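Novice: Need a 3D model of the following:
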Amino acid sequence: MPRKPSSSGSCTLCQADLKKTTAAKHLAACLARTSGRTEYVIVRAEGPGIDGDDYWLYAAVPAECTLKDLDRFLRRVWLECCGHMSGFRSGRMSIPMSARAGQFDLGEKLVHEYDFGDTTELVITFGEIVTAGKLPGREKIKVIARNLPPEKKCECGKTAQYICPVCAYDGGGWLCHDCAEDHECGTPDDMLLSIANSPRCGVCGYEGP
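Specialist: Predicted coordinates for the structure are as follows:
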C-alpha cells in the first residue's frame, strides 16, 4: 500500500510544531542550547504502518551507544510485542549490534527489522552530532520529536479505539468501542488490539509500550 503523506509532529524539548523532513535542523539547535559535554547523534527512525500511515520519530542517541542500545530503544517505544528477533542491515549486509552510533557518517542509512515473520521494517538515518547537556530521564536514548498520532475513524464515523488484525490486511478493521463489541472476528477481550502510535499497530499482538 502506498505510504500516506507525512504527518506533523512536535519537539519534546520546546514543544514546537515540526515536519519530518525539516525537523533535524530545529532539533540540533534546540538540543545545543542545553550546555554540557555529551555528544548526541540525532537519529531519525521512520516506517509505514499497516495501512500506509507514515510514522516517524527523532532520538538523541549518545555517540557511545551501540546498535544494541538503539534496538532496545526501538523495541521499548515502538515495537516490542512478543520478544521477536531483530537486526540491522545495510543493503543485504548485516550490521553487528556492537557498532556504535557515533561511527556512522552523516546521512548514512540502515534498515532495522523487527520480527522476521510479520516484519516491521524501519529506515534509520544518522544525522548531525551535537554536544549538549544530559537530558532528563533514566533512559540513555531519548525521544526528542515524533509524529502526532494519525486520526482513525470507525466505519460508523466515530473515532476508532481498536484495530482488528485480520480485517486490517484488507484495508479496514478500525473500530470504535461500540462497534468493537459486536465485531464478527472477535471482541476487545479476545481478538482486537488497542490503537497505538506506532508502525507496529495492528501487527501480531502489539498494543503499545
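
Novice: neighbouring contacts of stretch 21-32?
Specialist: Contacts made with stretch 21-32 from outside it, assessed by CB atoms under 8 Å, 6 or more residues apart in numbering, are listed as 6, 9, 11, 13-14, 16, 18, 40, 42, 44, 58, 60, 127-128, 130-132, 144-145. In short, each C-beta sits where N, CA and C put it, glycine included.

Novice: Show me what secondary structure element comes after the longest strand anywhere in the chain.
Specialist: Counting residues, the longest strand in the chain under DSSP state E turns out to be strand 120-132. Scanning the chain past strand 120-132 towards its C-terminal end, the next helix or strand to appear is strand 142-147 (assignment: DSSP states H and E).

Novice: got the contact list for the closest residue in space to Ser35 that isn't next to it in sequence?
Specialist: Nearest residue to Ser35 in three dimensions, chain neighbours excluded: Gly133, at 5.4 Å (CB to CB, 6 or more residues apart in numbering). Gly133 sits next to Thr34, Ser35, Gly36, Thr38 when contact means CB under 8 Å, 6+ apart.

Novice: Keep only those of the residues you listed that are in strands.
Specialist: Thr38.

Novice: Could you find which two of the contacts of Gly133 are furthest from each other?
Specialist: With CB to CB as the measure, no two of those lie farther apart than Ser35 and Thr38, at 10.4 Å.

Novice: More neighbours: which of the two?
Specialist: Thr38 (16 against 8; other CB atoms under 10 Å).

Novice: What residues of the strand or helix carrying Leu27 count as buried?
Specialist: If you go by DSSP H and E, Leu27 is part of helix 23-32. By neighbour count on 16 or more other CB atoms under 10 Å, the buried set for helix 23-32 is Ala23, Ala24, His26, Leu27, Ala28, Cys30, Leu31.
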